[in-house]
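**Q** sequence plus the predicted model coming up.
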Amino acid sequence: MEDGCVELKRARRRRLTTNAIERQKRIVKDTRGRSPTDQPHRYAKMHALSCGIPGCPACSNPRRVWRQRTLQERREFQKGE
């Protein structure tokens, strides 16, 4: 009984990973007009449009790059005044 449940969970995880990779491959093909990379498994944990540079203003979190406050921080700051 347990083995069947574990196998279903593994199958679901693998299917979701494969679907995510295929989605990223479609994005690369549509936006860049070229075929995806020779190593599509790299798209399992990395987005296709990410350049890979952590401090890139286009790809990274704007709160970190431009030091913007979150909504919660703004509320707390206004309450303090």
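**A** Here it is on my side, so go on. Residues are numbered from 1 along each chain as shown.
**Q** for Cys56, see how far away the nearest residue to Gln68 once chain neighbours are set aside is.
**A** Distances taken as C-beta to C-beta, 6 or more residues apart in numbering place Pro62 nearest to Gln68, at 5.9 Å, with adjacent residues excluded. In this view, the C-beta of every residue, glycine as well, is placed from N, C-alpha and C. Remark: distance between Pro62 and Cys56 (C-beta to C-beta, to the nearest Å) = 11 Å.
**Q** same check on Arg23?
**A** To Cys56, Arg23 is 22 Å away according to C-beta to C-beta.
**Q** pLDDT weak spots in the protein?
**A** Judged against pLDDT under 70, the low-scoring parts of the chain cover residues 1-2, 32-36, 81.
**Q** can you tell me the centre-most residue of it?
**A** By C-alpha atoms, centre = their mean, the chain has its centre lying nearest to His47, at 5.1 Å.
**Q** what residues sit buried inside stretch 60-74?
**A** Residues of stretch 60-74 classed as buried by neighbour count (16 or more other C-beta atoms under 10 Å): none.
**Q** ah, wrong one, I meant stretch 48-60
**A** Ala48.
**Q** now that stretch: how far from the chain's centre is it?
**A** Mean-position distance between stretch 48-60 and its chain equals 11 Å (C-alpha atoms, centre = their mean, to the nearest Å).
**Q** could you dump it to CSV, C-alpha only?
**A** Coordinates of the C-alpha atoms in stretch 48-60 are reproduced here as CSV (Å, rounded to 0.1, in the frame of the first residue of the first chain):
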residue,chain,number,x,y,z
ALA,A,48,14.5,30.8,-19.4
LEU,A,49,14.6,34.6,-19.4
SER,A,50,16.9,34.9,-16.4
CYS,A,51,20.3,36.1,-17.3
GLY,A,52,21.9,34.5,-14.2
ILE,A,53,23.4,37.6,-12.8
PRO,A,54,22.1,38.1,-9.2
GLY,A,55,22.3,41.9,-9.3
CYS,A,56,20.8,42.4,-12.7
PRO,A,57,18.1,45.2,-12.5
ALA,A,58,15.9,43.4,-15.0
CYS,A,59,15.9,40.0,-13.4
SER,A,60,16.4,40.5,-9.7
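**Q** right, I'll call it a day here.
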